[in-house]
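Peer 1: here is my input; please provide its structure:
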Amino acid sequence: MPAKIVQVSSPGVLDLALVKFPANVERHLRPFELATHEPVLGENLRTMGFAGYVSFGTIWPIYLPDRSLLNKTSLYLRADMWLTSQRSGLCGGPIWDKDGRLVGIHTGTTDGKTEDAPREAHATRATFINTLLDAYHNGGKATVPFELNGQKIVDLEINEAVSYVELLDEDEEVLWEWDVSSKFPYRKVEQKILEHQPRYVDLTTSVVNWEGNILVSRTKHKFGSVSYRYDLLTGQTVRYDKNFWER
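Peer 2: Model prediction:
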């Protein structure tokens, strides 16, 4: 089916893309209606996509009618997913409520905390489709809130993501650091903040863009890029440029 990518977001944050179909194709598509209510913890959700056994290299359509919303933030929803030996393969699939309205887009899966616990599926809130549309109609410009522990740290550009995080004490000595290879590890960082009790959180960002059919990171923290420092004591965030090698 012919389609053109017209707007992207960072894989490390929204992990969504906006595609445009020719007019003669669009009239055959049946779009989801966006949910207007705020999802409630424990709410029953449904999803569909593709799953299969990695060893056999096979995939097939799968429908999961009974998923429970476990947690949520301003960006994401997290629901249980009882798949064991099967590969998830649901990324990009819709997550909708009992009324068939879209609440999220599946973007990842993690294993449960115990053998008996379900795997957990992560989804970007469907309302951010509107953010992609805003960017498309505004020359690629739109922002996405970045939060930790429910506190907004900074508004990131739609194609900007955190590539490196550091926790520092009052003397700016590094207590803990993490090189973010894909999605930002919110839960891990929040746990480390509780463990180390830092004064500052330093966030270094990178920007991604499409070059042909390849998603390319424009900046890397090791070569110096935009950074943000969040002061946990005052609740203030400042933006500055730094060279990683000069620390």
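
Peer 1: and the nearest residue to Q236 once chain neighbours are set aside, how many neighbours?
Peer 2: Leaving aside its chain neighbours, Q236 sits nearest to Y230 (7.6 Å; criterion: Cβ to Cβ, 6 or more residues apart in numbering). From N, CA and C alone the C-beta is placed, and that goes for glycine too. Neighbourhood size, Y230 [other Cβ atoms under 10 Å]: 21.

Peer 1: T237 versus Y230, what's the distance?
Peer 2: 5 Å (Cβ to Cβ, to the nearest Å).

Peer 1: got the domain ranges for this protein?
Peer 2: Annotated domains of the chain cover 32-128, 143-246 [automatic domain parsing].

Peer 1: just to revisit the earlier point, which residues do Y230 and T237 both contact?
Peer 2: Common contacts of Y230 and T237 (Cβ atoms under 8 Å, 6 or more residues apart in numbering): 153-154.

Peer 1: isn't the residue nearest to Q236 up against I193?
Peer 2: No - the pair Y230 and I193 fails to qualify as a contact (Cβ atoms under 8 Å) at a distance of 10.3 Å.

Peer 1: what sits in contact with each of those two?
Peer 2: Common neighbours of Y230 and I193, using Cβ under 8 Å, 6+ apart, are 148, 201.

Peer 1: name the helix or strand for V189, please.
Peer 2: Here V189 sits within helix 186-196, counting by DSSP states H and E.

Peer 1: what packs against that helix?
Peer 2: Helix 186-196 is packed against strand 143-148, strand 160-168, strand 174-179, with contacts defined by 3 or more Cβ pairs under 8 Å, 6 or more residues apart in numbering; DSSP states H and E.

Peer 1: repeat that with 7 Å
Peer 2: If you count contacts as 3 or more Cβ pairs under 7 Å, 6 or more residues apart in numbering; DSSP states H and E, helix 186-196 packs onto strand 160-168, strand 174-179.

Peer 1: most tightly packed of the ones you listed?
Peer 2: Between those, strand 160-168 has the highest mean count of neighbours, a mean of 22, where neighbours are mean count of other Cβ atoms under 10 Å.

Peer 1: quick one, that one and helix 186-196 angle?
Peer 2: 20 degrees (axes from the mean of the first three to the mean of the last three Cα atoms, to 10 degrees).

Peer 1: strand 160-168: how far from the chain's middle?
Peer 2: Centre-to-centre, strand 160-168 and its host chain are 15 Å apart (Cα atoms, centre = their mean, to the nearest Å).
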